[in-house]
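A.B. asks: sequence first, then the predicted structure, then my questions.
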Amino acid sequence: SQDDGKQALLRYLSIEQRATALATTGLTVTTQKIEGAGFQDQEQILDRNQTQNIQTMLAELVKIPSLQSMLDELLNIALAKRFPKLDQRQTQLDSFIDSASPSSNT
């Protein structure tokens, strides 16, 4: 369908361009003859759009909290009832394994 064709073409735009295009009502697709090295122009445009997408995604990644801070918050929430005054970031765990099995003591 025509909508599927539009969606396929939108994939070639940068994220910012795609958002602008989708906000535009009455978006139409037309064809035109390309003079000269059309494929080289397309390749440059696609490269530029991908670079813009990478920059946009990196900017968004910087905004999200680190895994460490998310885990700290999760532990604080999960253990707040049992240990209300404990800072979970200061919690340490020591574990020991008894290497002697019961069958070797006979």
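C.D. replies: Great, that's in hand. Numbers count the residues shown, from 1 in each chain.
A.B. asks: mind listing the helices for this structure?
C.D. replies: For the chain, the helices defined by DSSP state H cover 2-10, 15-23, 38-63, 67-79.
A.B. asks: adding distance to T91 and mean neighbour count, write those helices out as a markdown table.
C.D. replies: From N, CA and C alone the C-beta is placed, and that goes for glycine too. As requested, the helices of the chain are exported to a markdown table (distance: least, C-beta to C-beta, whole Å; neighbours: other C-beta atoms under 10 Å):
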| stretch | distance to T91 | mean neighbour count |
| --- | --- | --- |
| helix 2-10 | 48 | 10 |
| helix 15-23 | 40 | 13 |
| helix 38-63 | 28 | 11 |
| helix 67-79 | 8 | 12 |
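A.B. asks: can you tell which of those is closest to D98?
C.D. replies: helix 67-79 (27.2 Å; C-beta to C-beta).
A.B. asks: now do the closest one: distance to the chain's middle.
C.D. replies: Its chain's average C-alpha position is 20 Å from that of helix 67-79, according to C-alpha atoms, centre = their mean, to the nearest Å.
A.B. asks: good, wrapping up.
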